[in-house]
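Undergrad: 3D model of this:
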Amino acid sequence: MGRYIIRRLLISIPVFFGITILSFLIMNMAPGNPVDMLINPNIPKEMLDLKKELLGLNDPLYVQYVKWLSGLLKGELGYSFSSFASVSQLIGERIGPTLLLASSSLMIGVVIAIPIGVISAVKQNSNLDYLLTGLSFLGISIPPFFFGLGLIYIVGIQLNWLPTGGMTTLGGTGGIGDILAHLILPVMVLGVTIAGKKVRYVRASMLEVLQQDYLRTARAKGINEFMVTNKHALRNALIPIITIVGTEIPLLLGGSIIIEQIFQWPGIGQLTMEALLSRDYPTLMGLNIVAACIVLTTNLLTDILYALVDPRMKYS
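TA: All right, here's what the predicted structure looks like:
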């Protein structure tokens, strides 16, 4: 296992730098530059040209990339073109709320999806199975932004049960209870979306395992159905489920951009939109670095979980 992890880390290094090159090229292929956002009748062209020179935007792309990469190797992500704050500081302030939102949503989605998928598989082709499958398709079909706006209108405005935006109440103490109250609605949106997609995979994986010979043998030995289903079948059905959950994490970070905008959640999703609108290249590159690290780390952890869940799987 140790040698396998080392090999994966070594392979991740060129992949990581490949991601940075592609991200830098794609970002600079877009027409315009950050200085174009400053154009107004009161700014002379000479001042704009001087600004481009100071920001290094007149340098060839490979020179800009080498400068940025040398800073990265020193542990520096540069400074924002729009706020002139350290990119590391900006991301550090925003990544905590996003990880809180994403991890809570993933946990809720998985906790909902696994028991529903197991029940649906055990009760295959029953009315309960049709009902649960229909609900899962409903969770997939409703666009998250529409679901979020609906919850804001009904739960937040009409019923006035929960706050509809931000992470804490303006002027409040910002305690754990206040944060949890603001977290409920965005987590409901993302959690339901995740659960809707995962129920089908759990159901399909369980149906495949439930047909195996060793489960019939376990039943013949007198083991009760609850133990057969939840101890023997579910554990062996977890490997494909782990794969799907592992691939969900990068998608969840991307999907949280929309949810963070709707609920005004102060995470990296909001920071990404601000950087895109202002063409803030250093901030966008810093966000891409964070996303790449999360994806590569998630893939490695997924492989490690395979061996923990299934002792038959060995890495050399």
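
Undergrad: now residue 5, nearest residue through space, not along the chain?
TA: Nearest residue to residue 5 in three dimensions, chain neighbours excluded: residue 300, at 7.0 Å (C-beta to C-beta, 6 or more residues apart in numbering). All C-beta spots, glycine's among them, are computed from the backbone N, C-alpha and C.

Undergrad: I'd say the one you found and residue 6 touch.
TA: No. Judged on C-beta atoms under 8 Å, residue 300 makes no contact with residue 6 at a distance of 10.9 Å.

Undergrad: Of the two, give the one with the bigger neighbour count.
TA: Between residue 300 and residue 6, counted using other C-beta atoms under 10 Å, the more crowded position is residue 300 (17 against 10).

Undergrad: Phi and psi next, for the more buried one.
TA: Main-chain torsions, residue 300, degrees, to the nearest 10: phi -70, psi -50.

Undergrad: all helices for the chain, in order.
TA: Applying DSSP state H to the chain gives helices spanning 2-29, 45-55, 61-73, 87-122, 127-141, 144-151, 176-210, 213-220, 225-227, 234-262, 268-278, 281-309.

Undergrad: which non-adjacent residue is nearest residue 298?
TA: Computed as C-beta to C-beta, 6+ apart, the closest residue to residue 298 that is not its neighbour in sequence is residue 249, at 4.8 Å.

Undergrad: Tell me the confidence at the residue nearest to residue 5?
TA: Note on residue 300: pLDDT of 78.

Undergrad: try the one 3 residues further on
TA: What the model reports as pLDDT for residue 303 is 73.

Undergrad: And for it, the neighbour number?
TA: Applying other C-beta under 10 Å, we find 18 residues neighbouring residue 303.

Undergrad: any idea how far the closest residue to residue 291 other than its chain neighbours is from residue 106?
TA: Excluding the flanking residues, the one nearest residue 291 by C-beta to C-beta, 6+ apart is residue 253, at 6.4 Å. With distances taken as C-beta to C-beta, to the nearest Å, residue 253 is found 10 Å from residue 106.

Undergrad: Pretty sure residue 290 sits against residue 98.
TA: No. With contacts counted by C-beta under 8 Å, residue 290 stays clear of residue 98, the gap being 9.5 Å.

Undergrad: Please enumerate the shared neighbours of the two.
TA: The contact sets of residue 290 and residue 98 overlap at residue 268 (C-beta atoms under 8 Å, 6 or more residues apart in numbering).

Undergrad: separation between residue 66 and residue 56?
TA: Where residue 56 is concerned, residue 66 sits at a distance of 11 Å (C-beta to C-beta).

Undergrad: again with residue 62
TA: In this view, residue 62 and residue 56 are 12 Å apart by C-beta to C-beta.

Undergrad: Please apply the same query to residue 110.
TA: From residue 110 across to residue 56, the span is 45 Å (C-beta to C-beta).

Undergrad: neighbour count winner among the two?
TA: Using other C-beta under 10 Å, the more surrounded residue of residue 110 and residue 56 is residue 110, with 18 against 12.

Undergrad: got a list of what the more buried one touches?
TA: Residue 110 neighbours (C-beta under 8 Å, 6+ apart): 194, 195, 198, 245.

Undergrad: Show me the two of these that sit farthest apart.
TA: 195 and 245 (11.5 Å; C-beta to C-beta).

Undergrad: Low-confidence ranges, the stretch 1-150 of the chain, go.
TA: Applying pLDDT under 70 to the stretch 1-150 of the chain picks out residues 1-2, 4, 8, 30-33, 36-42, 45, 48.

Undergrad: I figured residue 129 was touching residue 120, is that so?
TA: Yes. Counting by C-beta under 8 Å, residue 129 touches residue 120, with 4.9 Å between them.
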